[in-house]
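My questions are about this predicted structure, shown below with the sequence.
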Amino acid sequence: MTRKNHLLEGIPASPGIVMGPAHVLTQEGQVSTRLLYTDQEVAEELKRFNRAVDQTEEELARLRQEIADDLRDHAHILELHLLILRDRMLLLETQKLIREQNYNAERALYQAFLKIKEVFQRIGDKHIRGRIQDVEAVYHRLLGHLTGRGNSKTFEFSEPMIIVARDLSPTETTQMSNTEVLGFITERGGKTSHTAIIAHSLEIPAVVGLDNATLEIESGDEVIINGLTGRVIVNPDEAMRRSYQVRKEEFETFKGEVAQGSSLAAVTSDGYANRVLANIEMPEEVSLAQKYGADGVGLYRTEFLYLRQRQLPTEEDLFQDYYKVVEAMAPREVTIRTLDIGGDKFLSPLEYAPEMNPALGLRAIRFCLREQKIFRTQVKAILRASAFGKVRVMFPLVSSPRELHEARLLLESVKGELARENIPFDPQLPVGAMIEVPAAVTLADLLTQEADFFSIGTNDLIQYALAIDRSNKSVADMYEPLHPAVMRMVRQVVQVSRKAGIRVAMCGEMAGDPLYIPVLLGLGVDELSMNPTSIPVVKKVIRMTSLSEARRIARQALDLPTVEEVNEYVSSEMDHRFPDIFRFGRPLATNRVS
Amino acid sequence: MTRQEPNLWTVEKELWVENRLGLHARPAAKIATAAQQFDADIILEKDSQEVNARDLLDVLALDCPQGTRLVLRTRGPQAREAARFITSLFARKFEEI
């Protein structure tokens, strides 16, 4: 069966390039709906279906034989299943649908099964109605043979395959993780879908959100997946194969270099050292940070413990988690961000009613200064953990020097308490302010008086500076990290920090995107904190860049008046200078799931 | 299996479902299995709804709990043997209680 090649486009969800035979999963609810056009196709489909019935029957009969005599009940069930398999409602109905409706076998079988289900739903007797379970079991077993996989070993293929499906459930992907899957293509899902997560962890390419994938691709088709671009080629010709082979090798080489260099320092080609840190959310992620070569933790989000349970976590709960992270990362630094949510998320709805506009509401440092008891508990746990490694603390959403001052006062008061109780802590614990409100940028010079470092949270800063809600589809494309307003804000923060002699970190998504790295280096950001998986690529980008070159790019970009021009300039500059970073590095770092 | 004129049945008799769980999976399977062994048309009727006794799912779908009255009709070369055997299954309550 050689069909003409065709090109499909979906959402790139896991980087990599792979070619192999497709296996289209057709399951209940995700049955392919191919129509048969010729009598010959119908005849072949009937033959295929009957063969599957025979195979299922053989399997059931063999299982029946193998059953020991003392398992009579089980034997009865298999006998029942043999009867169901040959039952008119299932067998004849499916054959009829193939013949008369031109359905493919999977679809016809599914329809027949649905019809039986309907009939059974009308049965009054509960025991009898419940026998639909047996019909369902037979349906699945038969479907398994039809789609070319056995029933008990659901996903075992004779050769490595590319899985094509409407969508993949966790159960399905778990069963697959033991066999060799080359890649995933699904009709549903986005970059954060379950399929994307699994593909990332298996380090295989995936393209999701590809409409009609199970129609456009048939089992046995030769398929190329480009998980970097989202492109899928079905039955490529010789020239396409060759060009993809070349691209694949280039990518593998790049990836290999990236992985090898993950533990190297992030030093530019002209000797300027930057720090590349990890964003984490729970202690379990420390191993990821270490695996990918993090120079420390630049953002430890602490909301998880507050959201996990109904009641507030105790100081001991918090300490245990912080201790684990700090101790495991030592001697590397861990930057703990204090609670960054509003009370409505975990306190009684009577006290904190849902807000009209939570992004502008009572959250983060504002909430903590209002609820000092909750805040003190957290600060105490952080201070206690600071005795076991290198800890920094930072306060989110600071918008005035007064807030930072109050938070510091509270911190000092908790230190006094610990000292009186003879509990060890780091008295020099560095305190940072997160810069994510435009007011904090404007007042950054004043904030330096009480801050030991800054960390620019670009996600919020961009949202507030440009008044763009990224989750609002009608304006999401106006969310622009390289907006001149954003770049000027970063420059301003860096300038006042230089004057005050404090470091500037960045911990938003922007910091983990290779495209922006030279600009950020050029602007003078000292530390970049990101999703752990982005670290190796970002380090490689830094090593490939020289600071003088980065400064030149940043200067040029700052001179451009519109974001369109900046984007155009930075993209072409990157494409020109670092084609590999553009083609491979960016998808590798940013197609991530966070 | 083509059915002929309904008035040409060899055997036509009344049966009662007496076992506690009614015609659930196992009794229905016994009926269907038995029916498939005989060279005969074997029909079960409940409230003027007819099914072929060979079709397990149809027998199940007839929805016959304990106490249901059924009419058994058979015809063909082994009509009497088939009727006798099916009747005995009902009489022995399918070897259940």
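That came in fine, so what should we check first? Numbers count the residues shown, from 1 in each chain, chains lettered A, B, ... in the order given.

wait, does stretch B:75-95 make contact with chain A?
No: no part of stretch B:75-95 sits close enough to chain A to count as contact by C-beta under 8 Å from any C-beta of the partner chain; the gap is at least 11.8 Å. Where you see a C-beta, it was placed from the backbone N, CA and C, and this is true even at glycine.

Would you mark the buried spots in that stretch?
When burial is assessed from 16 or more other C-beta atoms under 10 Å in any protein chain shown, stretch B:75-95 yields the following buried residues: B:75-76, B:78-79, B:82-83, B:85-87, B:89-90, B:94.

can you put the residues you listed in CSV and add pLDDT and secondary structure?
As requested, those are exported to CSV (pLDDT from 0 to 100; DSSP: H, G, I helix; E, B strand; the rest coil):
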residue, pLDDT, secondary structure
B:75, 94, strand
B:76, 92, coil
B:78, 92, coil
B:79, 92, helix
B:82, 92, helix
B:83, 93, helix
B:85, 91, helix
B:86, 93, helix
B:87, 92, helix
B:89, 91, helix
B:90, 92, helix
B:94, 88, helix
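
And the helices in chain B?
For chain B, applying DSSP state H gives helices covering B:25-37, B:56-61, B:79-91.

counting contacts, what elements does the first one pack onto?
Pointing back at helix B:25-37 there. With contacts taken as 3 or more C-beta pairs under 8 Å, 6 or more residues apart in numbering or on different chains; DSSP states H and E, helix B:25-37 sits against helix A:72-85, helix B:56-61, helix B:79-91.

Quick one: name whatever helix or strand follows whichever helix or strand residue A:539 is part of.
Residue A:539 is part of helix A:535-544, with elements assigned from DSSP states H and E. On the C-terminal side of helix A:535-544, the closest following helix or strand by DSSP H and E is helix A:547-559.

quick check: angle from that next one to helix A:535-544?
When axes from the mean of the first three to the mean of the last three C-alpha atoms, to 10 degrees is applied, the directions of helix A:547-559 and helix A:535-544 differ by 100 degrees.

so what secondary structure elements neighbour the one helix or strand residue A:495 maps to?
Secondary structure assignment for residue A:495, by DSSP H and E: helix A:484-500. Contacts of helix A:484-500 with other secondary structure elements, assessed using 3+ C-beta pairs under 8 Å, 6+ apart, are made with helix A:438-442, helix A:444-447, strand A:453-456, helix A:458-466, strand A:503-506, helix A:517-523, helix A:547-559, helix A:563-577.

do that again at 6 Å, thanks
Using 3 or more C-beta pairs under 6 Å, 6 or more residues apart in numbering or on different chains; DSSP states H and E as the contact criterion, the elements in contact with helix A:484-500 are helix A:438-442, helix A:444-447, helix A:458-466, strand A:503-506, helix A:517-523.

What lies in contact with the second one?
By that I understand helix A:444-447. Contacts of helix A:444-447 with the rest of the structure, by C-beta atoms under 6 Å, 6 or more residues apart in numbering or on different chains, involve A:401, A:404, A:433, A:493, A:496.

Pull out the buried positions in it.
A:444, A:447.

do the same with the first one
Residues of helix A:438-442 classed as buried: A:438, A:440-441 (neighbour count, 16+ other C-beta under 10 Å).

chain center to that helix, what's the gap?
Helix A:438-442 sits 31 Å away from the centroid of its parent chain (C-alpha atoms, centre = their mean, to the nearest Å).

Show me what it packs onto, helices and strands only.
Contact here means 3+ C-beta pairs under 6 Å, 6+ apart; on that basis helix A:438-442 packs against helix A:484-500.

would JSON lines of the helices and strands packed on helix A:484-500 with distance to residue B:39 and mean pLDDT be doable?
Shown next, in JSON lines, are these (distance: least, C-beta to C-beta, whole Å; pLDDT from 0 to 100):
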{"stretch": "helix A:438-442", "distance to residue B:39": "90", "mean pLDDT": "98"}
{"stretch": "helix A:444-447", "distance to residue B:39": "96", "mean pLDDT": "98"}
{"stretch": "helix A:458-466", "distance to residue B:39": "78", "mean pLDDT": "94"}
{"stretch": "strand A:503-506", "distance to residue B:39": "85", "mean pLDDT": "98"}
{"stretch": "helix A:517-523", "distance to residue B:39": "82", "mean pLDDT": "96"}
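
And these: which comes nearest residue A:413?
Proximity to residue A:413, assessed across those by C-beta to C-beta, is greatest for helix A:444-447 (20.6 Å).

Please write out the alpha-carbon positions of that closest one in CSV.
Output for helix A:444-447, consisting of C-alpha atoms alone and laid out as CSV, is shown next (Å, rounded to 0.1, in the frame of the first residue of the first chain):
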residue,chain,number,x,y,z
ALA,A,444,13.8,50.1,42.2
ASP,A,445,16.5,52.6,43.4
LEU,A,446,14.6,53.0,46.7
LEU,A,447,14.1,49.3,47.0
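
For residue A:289, pull up the helix or strand it's in.
helix A:286-291.

Quick one: neighbours of residue A:427, just the number.
Here the neighbour count serves as a burial measure; for residue A:427 (other C-beta atoms under 10 Å in any protein chain shown) it reads 10.

Name the nearest residue to it, sequence neighbours excluded.
If the residues on either side of it in the chain are set aside, residue A:427 comes closest to residue A:415, at 6.8 Å by C-beta to C-beta, 6 or more residues apart in numbering or on different chains.

now swap in residue B:85 and tell me
For residue B:85, ignoring the flanking residues on the chain, the nearest one in space by C-beta to C-beta, 6+ apart is residue B:34 at 5.5 Å.

And that neighbour, how far from chain A?
In this view, residue B:34 and chain A are 11 Å apart by C-beta to the nearest C-beta, to the nearest Å.

hang on, the earlier thing: A helix includes the residue nearest to residue A:427, no?
Yes: under the criterion used here (DSSP: H, G, I helix; E, B strand; the rest coil), residue A:415 sits inside a helix.

before we move on, the earlier item: quick one: closest of the helices of chain B to residue A:35.
Comparing these against residue A:35 with C-beta to C-beta, the closest turns out to be helix B:56-61 (27.3 Å).

Spell out whether the closest one and chain A are in contact.
Yes: with C-beta under 6 Å from any C-beta of the partner chain as the measure, helix B:56-61 is seen reaching chain A through B:56-57, B:60-61.

Which pLDDT value goes with residue A:334?
In the predicted model, residue A:334 carries a pLDDT score of 98.

correction: residue A:591
52.

In the stretch 1-150 of chain A, what residue spans correspond to helices?
Secondary structure of the stretch 1-150 of chain A (DSSP state H, counting those that start in this stretch): helices at A:39-66, A:72-85, A:88-101, A:105-121, A:126-129, A:132-146.

Mean pLDDT and mean neighbour count added to the ones you listed, as a markdown table?
Below are the helices of the stretch 1-150 of chain A laid out as a markdown table (pLDDT from 0 to 100; neighbours: other C-beta atoms under 10 Å in any protein chain shown):
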| stretch | mean pLDDT | mean neighbour count |
| --- | --- | --- |
| helix A:39-66 | 90 | 15 |
| helix A:72-85 | 83 | 19 |
| helix A:88-101 | 92 | 18 |
| helix A:105-121 | 90 | 20 |
| helix A:126-129 | 84 | 16 |
| helix A:132-146 | 85 | 20 |
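
how about those in TSV, adding distance to residue A:454?
Formatted as TSV, the entries for the helices of the stretch 1-150 of chain A read as follows, by distance: least, C-beta to C-beta, whole Å:
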stretch	distance to residue A:454
helix A:39-66	65
helix A:72-85	67
helix A:88-101	67
helix A:105-121	58
helix A:126-129	66
helix A:132-146	58
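
In JSON lines, list these along with distance to chain B.
Compiled in JSON lines, the helices of the stretch 1-150 of chain A are given as follows (distance: least, C-beta to the nearest C-beta, whole Å):
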{"stretch": "helix A:39-66", "distance to chain B": "13"}
{"stretch": "helix A:72-85", "distance to chain B": "5"}
{"stretch": "helix A:88-101", "distance to chain B": "5"}
{"stretch": "helix A:105-121", "distance to chain B": "5"}
{"stretch": "helix A:126-129", "distance to chain B": "5"}
{"stretch": "helix A:132-146", "distance to chain B": "6"}
